[in-house]
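Peer 1: Kindly generate the corresponding structure for this input.
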Amino acid sequence: MIFFPPRYRAAVLHLAYWGVYFSFYFYQFGQEYARRQVAVGLLATVTLNAALAYFNYFYLLPRLLRTRRLGEYLALFAGPYATVVVLRVLADRQLLLTDMNRRFLYSPAHTWSVVVGVLFIVAFVSLLYFVTQWFVLEARAKALENEKLATELRYLKAQLNPHFLFNTLNNLYYLAYSRSERTPEVIATLAQMMRYMLEEANRPAVDLSREIEYLASYIQLEKLRLNSPVPITLTVAGQPNGRLVAPLIFMAFLENAFKHGVSTISTTAWVRVHFDLTGPDCCYTVANSKLPASAAPMGPAGTGLPNVRRRLALSYPDRHELQIDDLPDEYRIYLRLSL
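Peer 2: The predicted model follows:
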């Protein structure tokens, strides 16, 4: 059943049941009667059984579940049930009567077999009703879960964008305050990055090459702010074009590298960013030097890293590996994504 869309599963179950029912009795009675006679008799039987079963399925069962009145349900069911049993007995006597089975068709045993058989069919189709309702509930639960995950992803992205904007405006303020000639260049780069965030970042996936361009713009922005020969490298091995990735999934790691590894008063700072795309996966490495205690940023930890961990769990469940190495002289993260 998992191969059929949820809205078709109920219909497939019902068709399969009636197909098996008809085939089984057609084969069984085909050994004793002419096939035409068996087909006509089974069509009459299936029509009567299905009429009662689906009257119960579409009307009586929903009414019972809504009102919870079992006595009323049994009273409404008794009349149609008795009518179908009588019509089934008469139809069998008309369509399947031979000299050899006359005695059985007119016996109480045959009548009781019809009573039990009709009741069994109604009970089985009723079971299909509850199975169908389970499919409906499962589909609703899946839809709610997907909507919840999508809402959470939108929330995490909304947190990420102001976080980036706050950091960049701080940099811009520093350049403007120091009357740097590079302020217009920073504003132009920032405008380009904001355009990317508005146009691309709300999509579920973007081209990896665009994401790398965005990171390169951020690095350029940081270089302009630092105004010092800090070794900062971004290298790419392999071809990023044509590969899709969740937007801004790499950004928090790069921000942290500059926040905790680079300072205008440190002469030994460095940052290295590398993408390895030579295989089927996307491997992303960010390494940075550690600042002296006097130059290390103060204040509580930010929300960037926890947010990106959660985004990875939502966007790449069981399809990512994140390794963080806090070494004596450097801090390094390694992220592998199965695209």
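
Peer 1: mind listing the helices for the stretch 51-200 of the chain?
Peer 2: Taking DSSP state H, counting those that start in this stretch as the test, the helices found in the stretch 51-200 of the chain are 61-67, 70-95, 102-105, 108-177, 183-199.

Peer 1: closest one to A44 among those?
Peer 2: Checking the helices of the stretch 51-200 of the chain against A44 by Cβ to Cβ gives helix 70-95 as the closest, at 4.7 Å. All C-beta atoms are positioned from the backbone trio N, CA, C, and that covers glycine.

Peer 1: tell me what the closest one is packed against?
Peer 2: Contact analysis of helix 70-95 by 3 or more Cβ pairs under 8 Å, 6 or more residues apart in numbering; DSSP states H and E lists helix 35-55, helix 61-67, helix 108-177 as its packing neighbours.

Peer 1: returning to what we had before: check the helices of the stretch 51-200 of the chain for me: which has the lowest mean pLDDT.
Peer 2: The weakest mean pLDDT among the helices of the stretch 51-200 of the chain belongs to helix 108-177, with a mean of 72.

Peer 1: where does the stretch 201-339 of the chain have low pLDDT?
Peer 2: 201, 227-228, 263-266, 292-304 (pLDDT under 70).

Peer 1: before we move on, the earlier item: output the helices of the stretch 51-200 of the chain as a markdown table; include the columns distance to F250.
Peer 2: Formatted as a markdown table, the helices of the stretch 51-200 of the chain follow (distance: least, Cβ to Cβ, whole Å):
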| stretch | distance to F250 |
| --- | --- |
| helix 61-67 | 52 |
| helix 70-95 | 61 |
| helix 102-105 | 79 |
| helix 108-177 | 11 |
| helix 183-199 | 13 |
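
Peer 1: Save those as JSON lines, and put in mean neighbour count and distance to V236 too.
Peer 2: What follows is the helices of the stretch 51-200 of the chain, written out as JSON lines (neighbours: other Cβ atoms under 10 Å; distance: least, Cβ to Cβ, whole Å):
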{"stretch": "helix 61-67", "mean neighbour count": "14", "distance to V236": "60"}
{"stretch": "helix 70-95", "mean neighbour count": "15", "distance to V236": "69"}
{"stretch": "helix 102-105", "mean neighbour count": "12", "distance to V236": "84"}
{"stretch": "helix 108-177", "mean neighbour count": "14", "distance to V236": "22"}
{"stretch": "helix 183-199", "mean neighbour count": "14", "distance to V236": "18"}
